[in-house]
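S.K.: sequence plus predicted model, see below.
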Amino acid sequence: MLDMIPRSRLLCALLAFLIFPGVLAGQSASQSNDLLNRVWDGVQQAQKKYKSMCGTITETRTSDLMAKPLVLHGKFCAEGMNRFALDYFEPSSMRIRVNDGYVNVTSGGTTEVREIGKSIHRAESYFGRDNSLGNVKKNFNVTVQEGSRDYEMKLVPRSNAFRDRLNYLIIKLDKRDFMLRSLEVDGKSGVNSVFAIDINSINPTIPADMFEVYKPR
C-alpha cells in the first residue's frame, strides 16, 4: 500500500510554492523566446495583484500498483509563497499545514512534523531570483505551449538533483490571470498525481490560526 502521509507532505510542499505565480517571477525577458516571455510578464503582473487565495483541489493519483485511480477532494487556502493549508475530506480526512519552514500532516489522529525550510530556500534559489530562468534551464528542459484557455509548461529534469526523484512536471496557468490551474507530478516512485485547482476567493483575509503548525522545541 502506498504511504500517503509522506507523499502528500512532499506534494503539498510543492503546491505551497507553486500555488502563487511568484514562483516564476524575476526573469529577464531577453533570455528566452517570445511565448515564454509573455508568460513571465503575465506572471509578474499577477504576483503584484494576488496576495492570498482559497479554493478547492482534486488530486487524481495513479500507479501500476493501484487497481484504479485514487481521487482525493480537498479545500485549501494560501498566503504568500510558504503559508499553505490543505484539508482533504474525501475519501478520507487529512489535514496539511505548511508554515514557517515546517509541514504538519495529520491523519487518523496522528500528526507527522517535518522541517522543510531548507527545501523551500532551495526552491526559491532555483525559481525565485533574478537568475532563476538560468537555473530552470540548467536543471530542466522546458517547453511551453499555448492552448485556447491556458499556457502549459512541461519541465523535464536534466540534472541529477531532480532526475533521481522526478520524471516531469506539467504546470498549467490560466491565460486570463496567469494563476495555477493544474499541476501534474510524475515521480520516479511510479506514482503520477494530477492536481486540478479551482480558485474561488482572491485576496481574502485569512485568520492567522489557519496556518498554525507545531514545531519541535
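M.R.: Received the coordinates, thanks.
S.K.: in this structure, which spans are strands?
M.R.: Ranges of strands within the chain are 52-63, 70-79, 83-90, 94-99, 102-107, 110-115, 140-146, 150-157, 166-174, 180-187, 191-202, based on DSSP state E.
S.K.: tell me the contacts of I197?
M.R.: The contact partners of I197, taken as Cβ atoms under 8 Å, 6 or more residues apart in numbering, are I19, G55, T56, I57, L180, R181, S182, L183. The way it works is simple: take the backbone N, C-alpha and C, and place the C-beta from them, glycine included.
S.K.: repeat for G55
M.R.: Listed by Cβ under 8 Å, 6+ apart, the contact partners of G55 are K75, F76, I197, D198, I199, N200, S201.
S.K.: in this protein, which ranges drop under the pLDDT threshold?
M.R.: 1-33, 117-135 (pLDDT under 70).
S.K.: redo that, cut-off 50
M.R.: 1-10, 22-32, 129 (pLDDT under 50).
S.K.: now compare the contacts of I197 and name the two farthest from each other.
M.R.: The largest separation in these, counting by Cβ to Cβ, is between T56 and L183 at 14.0 Å.
S.K.: and these two? Which one has more around it.
M.R.: Set T56 next to L183 and count neighbours by other Cβ atoms under 10 Å: L183 wins out with 21 against 13.
S.K.: what's the closest non-adjacent residue to that one?
M.R.: F195 (4.6 Å; Cβ to Cβ, 6 or more residues apart in numbering).
S.K.: distance of the one you found relative to Y102?
M.R.: Look at F195 and Y102: by Cβ to Cβ, to the nearest Å, they are 22 Å apart.
S.K.: look at the two and report which has more neighbours.
M.R.: F195 (24 against 17).
S.K.: could you measure from that one over to R95?
M.R.: For F195, the distance to R95 equals 17 Å [Cβ to Cβ].
S.K.: circling back: give the buried subset of the contacts of G55 as a PyMOL selection command.
M.R.: Applied in PyMOL, the following selects the buried portion of these according to 16 or more other Cβ atoms under 10 Å:
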select buried, resi 76+197+199
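S.K.: now the contacts of G55 in a markdown table, with distance to P207?
M.R.: Below are those laid out as a markdown table (distance: Cβ to Cβ, whole Å):
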| residue | distance to P207 |
| --- | --- |
| K75 | 15 |
| F76 | 15 |
| I197 | 22 |
| D198 | 21 |
| I199 | 19 |
| N200 | 17 |
| S201 | 13 |
